[in-house]
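Trainee: coords please:
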Amino acid sequence: MEKQSFSSKLKNMGPAAIITSAFVGPGTITAATLAGVNFGYELLWAVAFSVISLIILMEMSSRIGIIGNKNFMEAAIAIVPENKGWKIFVNVLVGLSVASVAFGFEAGNIIGSSLGLGDVIGSNQLVAALIVGILALSTVLFGSTKALEKIMLMFVSLMGVLFVVTMVFVGPSIPEIFSGIFLPTIPQGGAITTIALIGTTLIGINLILHSITSKDKWNKVSDMENAKFDIIVNVLIGGAITISIIITSAAVLFDSGVVVDSPLVFSKQLEPVLGSWARIVGGIGIFAAGLSSAIAVPYTLGTIFSRLFGWEGGRESKQAKILGASAVIFGMVLAILNTAPIQIITAAQVTSGVSLPFIAILLVIATNNKKLLGEHTNTLVQNILGVIAALVTLGLGSWGLFGVITRLLG
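Mentor: All right, here's what the predicted structure looks like:
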């Protein structure tokens, strides 16, 4: 097999960029800022764990699509192919998880994006929400897949440069960074923030989407090289953005008394470098992050449901476009009503955290199915890492859900 050049691999990138742009939104910015402001560098390990786990699990999902020629739902059903009850369980699990997480994140994306835009142009929330909603809606209804991938790559690249450069200029503590990454701890009061960091990066429905988009883009065993390159580059970019926000907010705002009640608080950490421009640049960053995610989520929703129900035309079908548009409209309405972004973002992250372990476990089991993947089933190392990711997210998700229920009842 002829070895591909670096430029050739870059040209073949795409599916993972949609995943990265989906998780780098107002929720990620808020959770990362919250982590840095309240806990300094202590929760950097949660992002490192999420990035490594996401790369491992996305590689599994792409293998299902490329080598197994199935999407996640088909592969999960193939675990017990003759059991109709199992098929119903898988479809219901996927349907409920995707719908609840997607609508929740979409609301957070549009609310966050409109807050950023409104702050930059000096408009009220109604005008900003309408602008963001119309931009997202236009892309959902009339945009193409190739155009979407290019938009996602552009947004992610620009945000990565902005956040990483800012992190370097604020002069963070290198020893504390290494300690935060390699010495995992959950500080007192940090459980929910830890879950939020993992839940905003390691999103189960994105793993389902990746099996579909990988299957659509590639179809040969040799294509796995392109898929792995695509995953590693894009996920590392997303992880670098999240880590840079935590580090910058820790260096600038830790123990400052700042209350993180909106994604806009993120702009304060840019002031040492950008001065009076911090608010404008930060607002643009939040707007771009929210809009890119607001475009990616309806795409995810339509793509998965079109496979789930076999809609003719797939994500380009009328049903998929209507479903995607309904998510945008839902988010736009909540943004117009000036709904508190933190509540929406937290609810979406907790929902994502609860559904993730079940999706991860099914993914690990499916990628051990020799009838599906033959000699390309998981290695021992892949199984160990996949099980660790599933168990850790199950434990943290249960802990977070218990905490939320306790607060509601208390």
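
Trainee: Does anything pack onto the longest helix along the chain? Which helices or strands?
Mentor: The residue-count maximum for a helix in the chain (DSSP state H) belongs to helix 84-121. On a contact count with 3 or more Cβ pairs under 8 Å, 6 or more residues apart in numbering; DSSP states H and E, helix 84-121 meets helix 26-39, helix 72-77, helix 125-142, helix 204-217, helix 278-309, helix 318-336, helix 341-366. Bear in mind the C-beta positions are built from the backbone N, C-alpha and C, glycine included.

Trainee: Adding mean pLDDT and mean neighbour count, write those out as a markdown table.
Mentor: Below are these laid out as a markdown table (pLDDT from 0 to 100; neighbours: other Cβ atoms under 10 Å):
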| stretch | mean pLDDT | mean neighbour count |
| --- | --- | --- |
| helix 26-39 | 87 | 28 |
| helix 72-77 | 94 | 24 |
| helix 125-142 | 89 | 19 |
| helix 204-217 | 90 | 25 |
| helix 278-309 | 87 | 24 |
| helix 318-336 | 93 | 20 |
| helix 341-366 | 80 | 23 |
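
Trainee: Take those helices and write them to JSON lines, including distance to Val165.
Mentor: What follows is the helices and strands packed on helix 84-121, written out as JSON lines (distance: least, Cβ to Cβ, whole Å):
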{"stretch": "helix 26-39", "distance to Val165": "16"}
{"stretch": "helix 72-77", "distance to Val165": "37"}
{"stretch": "helix 125-142", "distance to Val165": "26"}
{"stretch": "helix 204-217", "distance to Val165": "27"}
{"stretch": "helix 278-309", "distance to Val165": "11"}
{"stretch": "helix 318-336", "distance to Val165": "30"}
{"stretch": "helix 341-366", "distance to Val165": "26"}
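
Trainee: what is the rounded mean pLDDT of the longest helix of the chain?
Mentor: The average pLDDT within helix 84-121 is 90.

Trainee: Ok, stretch 234-251 next?
Mentor: Stretch 234-251 comes out at a mean pLDDT of 90.

Trainee: May I see the buried residues of that stretch?
Mentor: 234-235, 237-251 (16 or more other Cβ atoms under 10 Å).

Trainee: before we move on, back to that, out of the helices and strands packed on helix 84-121, nearest to Leu158?
Mentor: When the helices and strands packed on helix 84-121 are compared by Cβ to Cβ, helix 278-309 sits nearest Leu158, at 6.8 Å.

Trainee: Would you agree Phe39 is in contact with Thr193?
Mentor: Yes - if you go by Cβ atoms under 8 Å, Phe39 and Thr193 touch, sitting 6.7 Å apart.

Trainee: and of the helices and strands packed on helix 84-121, who's closest to Gln269?
Mentor: helix 26-39 (7.0 Å).

Trainee: Export the closest one to PDB, keeping only CA atoms.
Mentor: Output of helix 26-39 as PDB, limited to C-alpha atoms (Å, rounded to 0.1, in the frame of the first residue of the first chain):
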ATOM      1  CA  PRO A  26     -20.500  27.700  24.800                       C
ATOM      2  CA  GLY A  27     -20.900  24.700  27.100                       C
ATOM      3  CA  THR A  28     -17.200  23.800  26.800                       C
ATOM      4  CA  ILE A  29     -16.100  27.500  27.200                       C
ATOM      5  CA  THR A  30     -18.300  27.800  30.300                       C
ATOM      6  CA  ALA A  31     -17.300  24.500  31.900                       C
ATOM      7  CA  ALA A  32     -13.600  25.200  31.200                       C
ATOM      8  CA  THR A  33     -13.800  28.800  32.600                       C
ATOM      9  CA  LEU A  34     -15.600  27.500  35.600                       C
ATOM     10  CA  ALA A  35     -12.900  24.900  36.200                       C
ATOM     11  CA  GLY A  36     -10.100  27.400  36.000                       C
ATOM     12  CA  VAL A  37     -11.800  30.100  38.100                       C
ATOM     13  CA  ASN A  38     -12.900  27.900  40.900                       C
ATOM     14  CA  PHE A  39     -10.200  25.100  41.000                       C
END
